[in-house]
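Peer 1: Got a predicted model here, sequence first, then my questions.
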Protein chains: 4
Amino acid sequence: MKNKIGFIGLGNMGIHMAKNLIEAGYHLQVHNRTLNKADELDQAGITKCQTPAEAAAGVPIVITMLSEDEVLRESVTGPDGILKTLQPNAVHISMSTISPETAVELAKAHEQAGSHYLASPVFGRPEAAAAKKLFICVSGPQQVKDTVKPVLGCLGQAIHDFGEEVGGANVVKIAGNFMIMASMEMMAEAYTLAEKNGLDRAQVANFFGSTLFNAPIYQNYGRLIANKQYEPVGFKAKLGYKDARLAFKLSQASYTPMPLVNAVHSRLLSAVAKGLGDKDWVEGFGRGVSEDAGL
Amino acid sequence: MKNKIGFIGLGNMGIHMAKNLIEAGYHLQVHNRTLNKADELDQAGITKCQTPAEAAAGVPIVITMLSEDEVLRESVTGPDGILKTLQPNAVHISMSTISPETAVELAKAHEQAGSHYLASPVFGRPEAAAAKKLFICVSGPQQVKDTVKPVLGCLGQAIHDFGEEVGGANVVKIAGNFMIMASMEMMAEAYTLAEKNGLDRAQVANFFGSTLFNAPIYQNYGRLIANKQYEPVGFKAKLGYKDARLAFKLSQASYTPMPLVNAVHSRLLSAVAKGLGDKDWVEGFGRGVSEDAGL
Amino acid sequence: MKNKIGFIGLGNMGIHMAKNLIEAGYHLQVHNRTLNKADELDQAGITKCQTPAEAAAGVPIVITMLSEDEVLRESVTGPDGILKTLQPNAVHISMSTISPETAVELAKAHEQAGSHYLASPVFGRPEAAAAKKLFICVSGPQQVKDTVKPVLGCLGQAIHDFGEEVGGANVVKIAGNFMIMASMEMMAEAYTLAEKNGLDRAQVANFFGSTLFNAPIYQNYGRLIANKQYEPVGFKAKLGYKDARLAFKLSQASYTPMPLVNAVHSRLLSAVAKGLGDKDWVEGFGRGVSEDAGL
Amino acid sequence: MKNKIGFIGLGNMGIHMAKNLIEAGYHLQVHNRTLNKADELDQAGITKCQTPAEAAAGVPIVITMLSEDEVLRESVTGPDGILKTLQPNAVHISMSTISPETAVELAKAHEQAGSHYLASPVFGRPEAAAAKKLFICVSGPQQVKDTVKPVLGCLGQAIHDFGEEVGGANVVKIAGNFMIMASMEMMAEAYTLAEKNGLDRAQVANFFGSTLFNAPIYQNYGRLIANKQYEPVGFKAKLGYKDARLAFKLSQASYTPMPLVNAVHSRLLSAVAKGLGDKDWVEGFGRGVSEDAGL
């Protein structure tokens, strides 16, 4: 059946992506560690699977949206991994934020198994996923990218192609998350400086977000940071810290000293050390800067 | 004569601002250290003055656009300073990037002399000044702000009011310049990381500048940084370093530890130490990151 | 009277130095902001003076041991400063930790007044001052150094000569205080790392202090840091912060990027911001590292 | 035979340690990747072995002195690893600088094999190894430590016991190497500051090394840094970078933010990126600071 897709990972992001695919007419073989998460989906459009291998059986495309290199690796090459069942020439669209190193390793495993791996990390918060507004970065063999285009088109507003080297899109994703984190640190510092000098944080944030820095990152995160509005938790500090580690590791692997990566890594390492790992990463930056300043 | 204005400082920014005021019908009593800079202006619209005092004589408003606290202080309170001639209730619109400390000091000097001081630093490169697209931040007594509104309206696209405390607008200006510098450092790091991992800097910069970071700072500086296009020199690294010092000093004065201020300060301090002071500040960041990475 | 000396500044250090000079047979014309501090001294050996000028009147040598550039400057060139009374060819031995910039400025003022200025900052805690164990660094004209040698010999265990340029000894003093601060930060980090990994801080500190790092700095401060023993207060965090500022300023003035200066400056800036300014600087480092680590 | 010992790793350090053991009457079953390195040893005292397994066969004690976690792991658990032949209750004295994580992992592997693992990293340069002046840190079961005491006594001047947890000594070693690196960075910064202010680097280094910082680290490295004497190469920058990575990784694993670890890590990462990996680590620090300062 041509419109059957394996879908693994129903977290904050994955759940919305799955809904969009079902709405677009695909039937999903879904797997999630806690499978009752799938109850939120249109039951007519899904088949619940106990393992990644089950979800990948008999489909031309399997999508993974998992939170860590280790979990993804297990889902691919583990005893119940998708390589156990994936048919020849099927494509694994790997949408998580992982290291290019892991991407290369998994691409090789797929190659040996006769299937294909496509790096396709995305930018966007859960709301963007729900609204099909994700920015999707891809890298891998041209033919594979052509094949999956219609599927990716149901998930995001644009597909950005970063070449045929498998890890390219992962590098872009890591670089981007670093830039987002550095922006939060920067705003937290600037708005705390303003506050300490008697200005209104929100007014300053609003000024920058509507003039020189009128981009979503500065408008959305800027408002939260300015108002010290740290709830509800959208993206956990410990996941942000994981991304900071990926950026740090990539800077090591490619011999690229990056002082600002050091800074954001230290900030989130400290946040987790202080017990804020399950709070929003905005709080990690915002509260961290405030506390250092004695506020 | 009501439409006479004193104008001091015909640098890269000031020269455009002066033109716009003349075009709007004002007659300028201009002063510049190297006065032949005034030859570029419509001679019918100006009177050349040998000193700040001369430029300030008999006018209701005097504008200064000078590059350093020290130079501005001398132009106000020095033996040939504007306080020597400024008439009662006249307003000094001070548009340079200076410390709030100096602003407070000069405001007091004006108060004692019976005149008014208005902090009015601006955001924008020379092109923006020419196109009347500057963002003007003001802080000071409400009545004074009301008085000069028509004049400022000839120079920028919007006036942002940061209250009655004299130094407020200066704090915003310093915070903003810090954010611009941190953005440049961030991009230089991210694009060098991309380059080291086999990606095309320009493609990565273009992606971010058109999606998550679609703001002028990331588009304009992003292109220069991605292409390592360091000429022509728009804003000198040594002036950027001066701004980094102002940010650092303000973080000290208000007890606000700011790791990213440290980072950008170190970057430009090193650029000046290496003899790049007269190069563009974009080069200070771009080349600095590249060299650290062995490129 | 040949053995009369002016002595200004009876703080934690000065009081011991004054005692040693009296004991050596000198008669001191002492001045201190809170003059009753002089009650601790042998009254037969002193004359209490209301101003620096009074203390400097009629003596061949005047010693200052004050805590800040600003205070010292006032004591020299202010309306009641020592230049008002100091006789021709008299020598001002300036023993505080100040910037070389201020040293040069004051040396010039002395030169114009016909007297001499000698930079003579010292290393050592109050106990060392009491025990005449200070390390004294001097810089200035050779003849002046020769003249005051006997006096300095009563205060320290050795005199280290850093040439004829007036600010040289001040640079050494600032560099040394930076090295002490960096050592404290380093130990706080290393011992916290050990603690977090289940080791005994004191044992680790004792190991390093008795092997690779068997120097007083690592033994004395090491013990305090390892035991988190932050009282009694020996040297206040806010004075340490002042020294960090001097180091930072000197790195700026001489275009020397110094990442570790940034680190210790941030640490103490944060300590003061958090209200620890009057605590020991050991606490500034020790508690700072612990708190960042969530301890 | 009771006095037979397996010895693996004849690098700069290992070769001297092997000589000392032979001199003390032990017969060594030696293995090294390039086995002709063993030609330097007294041939009567050794048996050359092609693999770690061969070297470990039939001995009560096997010593490893290898440069990396990965190499050590292979030598223990690999197909030709020592666990293949090591007899029950034999002890593996592991003297390399490795992560506590690897130590724990290897200790478990030994436990399962019925043998013992002892963490015994050392402090000291090759000269110290030759002179039996190493400081040996141990951690592991008390009985095992008692057993190997006589052997360790032939290698160092003192044995420092950090408890029974296997990784403890490794933490101390990593912390110590971090402190050494931070000391080099600190001196490079301080002496460059002195140089930039017209002082003689060597005089300043000599002053500190003979007063407040009169410890071997500051005397030996201080002289090299002051004189910019970067040859001959004693310890390669890339090995130093490996140690900086271990420190960084440990700070991550134990949630201990360490700004100075960031600083030394960045310094050596940049040194390697610039192609200085095979130069002395002193050069990594010394040249790095000089270049940033435009010297």
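Peer 2: Arrived safely, thanks for sending.

Peer 1: Work out for me the element the residue in the stretch 101-250 of chain A that chain D sits nearest to sits within.
Peer 2: Closest to chain D within the stretch 101-250 of chain A is A:Arg245: 7.0 Å, counting by CB to the nearest CB. Quick note: C-beta positions are derived from backbone N, CA and C, even for glycine. Secondary structure from DSSP states H and E places A:Arg245 in helix A:237-253.

Peer 1: following that helix, which helix or strand comes up?
Peer 2: helix A:259-273.

Peer 1: which element follows that next one toward the C-terminus?
Peer 2: helix A:281-292.

Peer 1: quick one: is that next one near chain D?
Peer 2: No: interface with chain D: helix A:281-292 contributes nothing (CB under 8 Å from any CB of the partner chain), its closest point being 10.1 Å away.

Peer 1: quick revisit: wait, the residue of the stretch 101-250 of chain A closest to chain D sits on A:Asn262?
Peer 2: No: if you go by CB atoms under 8 Å, A:Arg245 and A:Asn262 don't touch, sitting 12.0 Å apart.

Peer 1: higher neighbour count, these two?
Peer 2: A:Asn262 (23 against 17; other CB atoms under 10 Å in any protein chain shown).

Peer 1: Nearest spatial neighbour of that one, chain-adjacent residues omitted?
Peer 2: D:Asn262 (4.5 Å; CB to CB, 6 or more residues apart in numbering or on different chains).

Peer 1: And the pLDDT for that neighbour?
Peer 2: Predicted confidence (pLDDT) for D:Asn262: 97.

Peer 1: do the one 4 residues further on as well
Peer 2: Per-residue confidence (pLDDT) for D:Ser266: 98.

Peer 1: tally of neighbours for it?
Peer 2: Residues within reach of D:Ser266, counting by other CB under 10 Å, total 22.

Peer 1: Let me know whether it touches A:Ala263 as I believe.
Peer 2: No: the pair formed by D:Ser266 and A:Ala263 falls short of the contact definition of CB under 8 Å, at 11.0 Å.

Peer 1: For chain D, tell me whether the helix or strand encompassing A:Arg73 is touching it.
Peer 2: Assigned by DSSP H and E, A:Arg73 falls within helix A:69-77. No: using CB under 8 Å from any CB, helix A:69-77 never reaches chain D; the gap is at least 15.0 Å.

Peer 1: ditto for stretch A:226-241
Peer 2: No: if you take CB under 8 Å from any CB as the test, stretch A:226-241 misses chain D, and the best it gets is 9.1 Å.

Peer 1: Straight-line length of that stretch, end to end?
Peer 2: Stretch A:226-241 has an end-to-end distance of 21 Å (criterion: CA to CA, to the nearest Å).

Peer 1: Low-confidence regions, chain A specifically.
Peer 2: For chain A, residues meeting the criterion pLDDT under 70 lie at A:1-2.

Peer 1: List the contacts of A:Lys48.
Peer 2: A:Lys48 makes contact with A:30-31, A:35, A:38, according to CB atoms under 8 Å, 6 or more residues apart in numbering or on different chains.

Peer 1: Of these, keep whichever come out buried.
Peer 2: A:30-31, A:38 (16 or more other CB atoms under 10 Å in any protein chain shown).

Peer 1: which of the residues you listed lies closest to chain C?
Peer 2: For the buried ones among the contacts of A:Lys48, the nearest to chain C is A:His31 (35.9 Å; CB to the nearest CB).

Peer 1: what does chain A put close to chain D?
Peer 2: A:245, A:251-252, A:255-257, A:259, A:262, A:266, A:269-270, A:272-273.

Peer 1: Verify the contact between A:Asp42 and A:Asn20 for me.
Peer 2: No: applying CB under 8 Å as the test, A:Asp42 and A:Asn20 come out as separate, 11.4 Å apart.

Peer 1: More neighbours: the two, which one.
Peer 2: A:Asn20 (17 against 11).

Peer 1: Secondary structure element holding the more buried one?
Peer 2: helix A:14-23.

Peer 1: Please look at A:Phe208 and A:Tyr221 and confirm they touch.
Peer 2: No: A:Phe208 lies out of contact with A:Tyr221 (CB under 8 Å); the separation is 11.6 Å.

Peer 1: Pull up the overlap in contacts between these two.
Peer 2: A:Met187.

Peer 1: And the helices in the stretch 101-250 of chain A?
Peer 2: A:126-130, A:142-153, A:168-196, A:201-210, A:216, A:222-226, A:237-253 (DSSP state H, counting those that start in this stretch).

Peer 1: Nearest to chain C, out of the ones you listed?
Peer 2: helix A:168-196 (8.8 Å).
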